[in-house]
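Colleague: just coords:
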Ligand SMILES: Nc1nc2c([nH]c(=O)n2[C@H]2C[C@H](O)[C@@H](COP(=O)(O)OP(=O)(O)OP(=O)(O)O)O2)c(=O)[nH]1
């Protein structure tokens, strides 16, 4: 079997909040919220791919850090991985999503997430808790 292609997703936090984005396609995912990101192209590292996607989708420059949570197998072709991301420059805007939102720890559970992302909720909660402790 050929290796699965990676989808890299950004856990971008700032001031104790997490950036989430609302999908417009495919129809079964439209309206659901995800961590922004996308497929890693041939010849790219997950880090360069995620930086590229965040610039295209949100118009921001970011630094991609370490992995967050476990990998999620999407189907026989794709594996989804999340990375801690820090905003370097710009103000995120929804260029390819229908909306974006900054959410706080107590909002995580109530979001209408793309199903696979629910796997990361404990990790995202921990990340936001760490952020809050750091900013105290
Ligand atoms: N970006 C992203 N995709 C996710 C998440 N969770 C999840 O199940 N997916 C799925 C949805 C899609 O089937 C696939 C990623 O597709 P994508 O549409 O974001 O990738 P892309 O920007 O490279 O898009 P494309 O040009 O190939 O259409 O992974 C997530 O948190 N972020």
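Modeller: Nice, I can see it. Quantities reported herein were computed from a predicted structural model and do not represent experimental measurements.
Colleague: and the residue in the chain positioned nearest to the ligand, bridged to which residues?
Modeller: When distances are taken as Cβ to the nearest ligand atom, the chain approaches the ligand most closely through residue 38, which lies 2.7 Å from it. Yep, even glycine has a C-beta here, placed from its N, CA and C like the rest. Going by DSSP bridges, residue 38 is paired in beta bridges with residue 8.
Colleague: next one: residue 64
Modeller: Assessed by DSSP bridges, residue 64 has beta-bridge partners residue 85.
Colleague: that one: what's it in contact with?
Modeller: Under the criterion of Cβ atoms under 8 Å, 6 or more residues apart in numbering, the contact partners of residue 64 comprise 8, 10, 46, 47, 50, 51, 83, 84, 85.
Colleague: now it: how far from residue 131?
Modeller: 17 Å (Cβ to Cβ, to the nearest Å).
Colleague: next one: residue 34
Modeller: Here residue 34 is placed at a distance of 20 Å from residue 131 (Cβ to Cβ).
Colleague: compare these two (neighbour count), which wins?
Modeller: Between residue 34 and residue 131, counting by other Cβ atoms under 10 Å, residue 34 is the more crowded of the two (20 against 17).
Colleague: measure the more buried one to residue 2 for me?
Modeller: 25 Å.
Colleague: count the residues that sit near the residue of the chain closest to the ligand.
Modeller: Going by other Cβ under 10 Å, the residues that sit close to residue 38 add up to 18.
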